[in-house]
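Asker: Okay, predicted coordinates and the sequence, questions at the end:
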Amino acid sequence: MSIDPRQFLNDLYATAVEAVSPQKCMPAYLPKQPAKGRTLVIGAGKGAAAMAKVVEDNWPGKVEGLVVTRYEHGADCRQIEVVEAAHPVPDEAGRAAAGRMLEMVKGLTEDDLVLCLITGGGSALLSLPGEGITLEQKQALNKALLKSGATISEMNCVRKHLSAIKGGRLALACAPARVVTLLISDVPGDDPGVIASGPTLPDPTTCEQSLAILKKYNIEIPENVRKHLESGAGETPKPGDARFARNEHHVMATAQHALEAAAAKARAAGITPYILSNDLEGESRDVGMVHAALAKQVAAYGQPFAKPCVILSGGETTVTVRGKGRGGRNAEFLLSLAVTLNGQQGIHALACDTDGIDGSEDNAGAIYQPDSMQRAADKGLSAKAMLENNDGYGFFSALNDLIVSGPTRTNVNDFRAILIL
C-alpha cells in the first residue's frame, strides 16, 4: 500500500473539522420562525460568528442581535452584530459585549424567540463578573485555573459562580421569551450545561463545589470573592426551575462526529480506523505516553489492532505549566509521544485542536514523524528537556512540523490520529 503519511493525517484533520463546521451541521437544527414576535440572535464562542452567518443565510425573515467571538474569528454578517474579544483570558471588550447582551434581551415577550448560539470559548468571551467582583479579579483567576491543570468542567464550575450571565442567568434574563440554544460541544461528555459555562442552561453545580475546586488547586482568591461564594451570592438557577420550561437546546456537533468523519475518510483510503475515545482527559504528557505505548504494541505484536491502522481519539487534555516554554496541550501530547516512541519506525502522528488554535498559540497543533527525534538531535535539541520546559511549540517549530490552519470557526476540542504502518 502506497500512502503519504503526512498528507493522510492532514486530510483526516481537515475532514474532521469540516464535519463539525456550522455550515455543515447547523441548518437542520434551525427552529421555525415565530408566528408573531421578534427573532433575536445572541451567542458566544469561537464559532459564534460563523453560526450567526448560517442563521442569516437560512432564516426566512428578519433577524437581529449580537454575538461575541474571539479576535480574528469574525464573519461577514449583515443583520447580526459581531463583537470580537479576548480568549482564553477575558478582556473589557468581552465584558462590555456581555453587558450589552443582557440589556438587549430585556423586555421580550412570550411571542419572541431568542436563538442562542454557543461554542467552546464562550465562557471567556462572555465575561460579566458577578456583583462586587472586578474584571481584573476574574482575569487573574482565569490565568491561575489555566495553569493549574484543572479540567474544563472544573474551570467552568468556578466561572459560573463568579458570573452575572453564565450558569443559566442569560436565559432567565430572556424570560418570558422562548429560548432555543444551539451548541457545538468542546467538552468531554458533551454536557450542554458545561459548554461555555451554560449561559442558558440550569446548573446543578454549587458555590461550595467552586470553593473546593479552588482549594484543590491551591489557587488563592481575594476575600471579596471568597465571601461571594461562601455566602451563596454566586449561586446559579437549578434544574427543575420553571423559568426554563419553554426552552430547548440541541448539541449539534461533537468530538464523536469529527472522529467518525475521519474514520470514514481513513477507511476510504484503505486504512482501518479505531476510535479509542471521544472524551479523553488527563495530563497531556501522560495521555501521550499511553498512546505511544499502545502504538508500540500494535507495531510490534499486532495487538490489540492489526496494522496498517490509524488510532483516533478526542477530548480535552490539560497541561500543568511548570516550565517557561511555548506550547498548547496538543504540542505537549505529541512531544511526550515522541519521547516515548524514540524514533520507532512505522509510526506517524498528528495532534491538533479543531478550533485551529492550540492553547493560546498560533498553530492548531503539530505532526510527528519517525525521524523527528533524530532531526531534533541534529539541531542540538533535547526533546526530554523541552518537554520538561513545556516547550512543545519550540520543538516542532524547529522541525517545521507545526500545523497552522488559522481559525476554523468551530470547536470540538482535540483531534489525535496515530498512523501505524
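Answerer: Cool, got the structure.

Asker: Now do the strands in the stretch 201-350 of the chain.
Answerer: Along the stretch 201-350 of the chain, the segments classed as strands by DSSP state E, counting those that start in this stretch run 248-253, 272-280, 309-315, 347-353.

Asker: could you dump these to TSV with distance to Glu92 and mean neighbour count?
Answerer: The way it works is simple: take the backbone N, C-alpha and C, and place the C-beta from them, glycine included. Formatted as TSV, the strands of the stretch 201-350 of the chain follow (distance: least, CB to CB, whole Å; neighbours: other CB atoms under 10 Å):
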stretch	distance to Glu92	mean neighbour count
strand 248-253	29	18
strand 272-280	34	18
strand 309-315	32	23
strand 347-353	26	28
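
Asker: In TSV, list the ones you listed along with mean pLDDT and distance to Leu40.
Answerer: Converted to TSV, these look like this (pLDDT from 0 to 100; distance: least, CB to CB, whole Å):
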stretch	mean pLDDT	distance to Leu40
strand 248-253	98	16
strand 272-280	96	33
strand 309-315	97	33
strand 347-353	98	31
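
Asker: can you put the ones you listed in a markdown table and add distance to Ala377?
Answerer: Output for the strands of the stretch 201-350 of the chain, formatted as a markdown table (distance: least, CB to CB, whole Å):
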| stretch | distance to Ala377 |
| --- | --- |
| strand 248-253 | 41 |
| strand 272-280 | 30 |
| strand 309-315 | 26 |
| strand 347-353 | 18 |
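
Asker: mind checking which of the ones you listed is nearest Gly74?
Answerer: Closest approach to Gly74 among the strands of the stretch 201-350 of the chain is made by strand 347-353 (19.1 Å; CB to CB).

Asker: tell me the mean pLDDT for the helix or strand immediately after that closest one in the chain?
Answerer: Where DSSP states H and E defines the elements, the next helix or strand beyond strand 347-353 is strand 365-368. The pLDDT scores in strand 365-368 average 98.

Asker: Report the buried residues of the next helix or strand after strand 365-368.
Answerer: Following strand 365-368 in sequence order, the next helix or strand is helix 372-378 (DSSP H and E). Within helix 372-378, the residues scored as buried using 16 or more other CB atoms under 10 Å are 372-373, 376.

Asker: and the residues you listed as JSON lines, adding pLDDT and distance to Leu170?
Answerer: Output for the buried residues of helix 372-378, formatted as JSON lines (pLDDT from 0 to 100; distance: CB to CB, whole Å):
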{"residue": "Ser372", "pLDDT": "97", "distance to Leu170": "45"}
{"residue": "Met373", "pLDDT": "97", "distance to Leu170": "49"}
{"residue": "Ala376", "pLDDT": "97", "distance to Leu170": "47"}
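
Asker: who are the neighbours in contact with the residue lying closest to Pro308 once chain neighbours are set aside?
Answerer: Leaving out its chain neighbours, the residue that sits closest to Pro308 by CB to CB, 6 or more residues apart in numbering is Leu421, at 5.0 Å. Leu421 is in contact with 1, 3, 5, 307-308, 346-348, counting by CB atoms under 8 Å, 6 or more residues apart in numbering.

Asker: now the angle from the biggest helix by length in the chain to strand 309-315?
Answerer: Secondary structure assigned by DSSP state H gives helix 284-301 as the longest helix of the chain. Helix 284-301 runs at 160 degrees relative to strand 309-315, counting by axes from the mean of the first three to the mean of the last three CA atoms, to 10 degrees.

Asker: ok, and what's touching helix 284-301?
Answerer: Against helix 284-301 from outside (CB under 8 Å, 6+ apart): 276, 280, 303-307, 309, 311, 313, 317-319, 329-330, 332-337, 340-341, 344, 346-347, 349, 387, 416, 418, 420.

Asker: Kindly report the same for stretch 13-23.
Answerer: 24-25, 47, 50-51, 53-54, 184, 253-254, 257-262, 264-265, 350, 352, 354, 356, 364, 403, 405, 408-410, 412, 415, 417.

Asker: Give the buried residues for that stretch.
Answerer: Neighbour-count burial for stretch 13-23 [16+ other CB under 10 Å]: 13-17, 19-22.

Asker: and the two most separated of these?
Answerer: Tyr13 and Pro22 (17.9 Å).

Asker: Tell me how many other residues crowd Ala366.
Answerer: Close neighbours of Ala366, defined as other CB atoms under 10 Å, add up to 29.

Asker: hey, what's it bridged with?
Answerer: Ala351, Leu402 (DSSP bridges).

Asker: Surely it touches Gly394?
Answerer: No. Using CB atoms under 8 Å, Ala366 makes no contact with Gly394, being 10.8 Å away.

Asker: Assign Glu394 to helix, strand or coil.
Answerer: Just so we're on the same page, residue 394 is Gly rather than Glu. Under DSSP: H, G, I helix; E, B strand; the rest coil, Gly394 falls in the helix class.

Asker: Can you report how many residues neighbour it?
Answerer: Neighbourhood size, Gly394 [other CB under 10 Å]: 17.

Asker: Ok, Ala300 next?
Answerer: Using other CB under 10 Å: Ala300 sits among 11 other residues.

Asker: Ok, Asn218 next?
Answerer: The tally of other residues near Asn218 (other CB under 10 Å) stands at 8.
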